[in-house]
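K.L.:
quick one: sequence plus predicted model below, questions after.
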Amino acid sequence: MQIGPYHFKPGIIPTLALILVMPLLISLGFWQLDRYQIKVGLVEEHAQNRARPVVEVSSREQIDGLGRARAVSLSGEFDQQRHILLINRKHAGRPGFDVYTPFRLESGDSVLVTRGWLPDLTGRDYIPEVPVTAGKIRLEALINTPPSIGIKVGDSPQVGDLGWPRKVFYVDMAWLGKELQLELPQYTILQVSPEEPAYIRNWEEHFKKPGGIPAERHMSYAVQWFALCLAVVVIYLVVNLKRIK
């Protein structure tokens, strides 16, 4: 095909490569845009719910109806033995665990409470001491969604043996419910008080950067994917466009 003083004659291989690569780059760009919208929605939900009054919670059904970042108050007691350790969680660049403990409400229902972060002091086989307040207590907390699972490793999130505390790769509420023999809500509870010095709790930063990545970074990634797509098209045209002698 002649375009002015140029002749455009693309080869089969570059054309096939373009056909394969462009949809992939475009889909990655739109996927990042979708992630951006989700993160913006989560941040807005956090701001709205944090401005609302504290809710007294007495059943798991209440929790599922309140929404992320809503402040709640609960009365009951912790399970003293069974703790879940979510591995590979970092704080200030240090490896560690997010600790989850079942909390039995006065009504008899149970919820899963995120206690905070503990450091991993020695590596793969290390099991930290999990501090837990004994007896009936009153919790001030924030409702949260469990961390996204991402890529599942095998059929079970479990790491190592069946003892307690139990290490997991990811938080699967259905699986944990079966292991704990409890009916759990789909939301978890971020413990705010009473304070326990052993744990690090940085919940405000957690809500500002859901999933550890701010919304703006997803927009930046989307722009990069679309720019790369445009660059591929330009290279394709330049390589296959020849001046007529």
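P.N.:
Now that the structure is in, tell me what you want to look at.

K.L.:
surely residue 43 meets residue 215?
P.N.:
Yes - with contact defined as CB atoms under 8 Å, residue 43 and residue 215 form a contacting pair (6.4 Å). No exception for glycine: its C-beta is placed from N, CA and C like everyone else's.

K.L.:
which residues do these two both contact?
P.N.:
Counting by CB atoms under 8 Å, 6 or more residues apart in numbering, residue 43 and residue 215 have no common neighbour.

K.L.:
more neighbours: those two, which one.
P.N.:
residue 215 (21 against 17; other CB atoms under 10 Å).

K.L.:
name the nearest residue to that one, ignoring sequence neighbours.
P.N.:
Spatial nearest neighbour of residue 215, chain neighbours left out: residue 39 (3.6 Å); criterion: CB to CB, 6 or more residues apart in numbering.

K.L.:
what about the longest helix in this structure?
P.N.:
The residue-count maximum for a helix in the chain (DSSP state H) belongs to helix 12-50.

K.L.:
contacts for stretch 85-100, please.
P.N.:
83-84, 112-120, 127-128, 130, 147, 159, 165-171, 176, 188, 199-200, 202.

K.L.:
where is the longest strand in the chain?
P.N.:
Taking DSSP state E as the criterion, the chain has its longest strand at strand 94-105.

K.L.:
quickly run through the sheet partners of that one, with directions.
P.N.:
strand 71-78 (antiparallel), strand 84-91 (antiparallel), strand 110-119 (antiparallel) (DSSP bridges).

K.L.:
could you give the average pLDDT over the second one?
P.N.:
Yep, that's strand 84-91 we're talking about. Mean pLDDT, strand 84-91: 87.

K.L.:
same question, the first one
P.N.:
Per-residue pLDDT values over strand 71-78 give a mean of 91.
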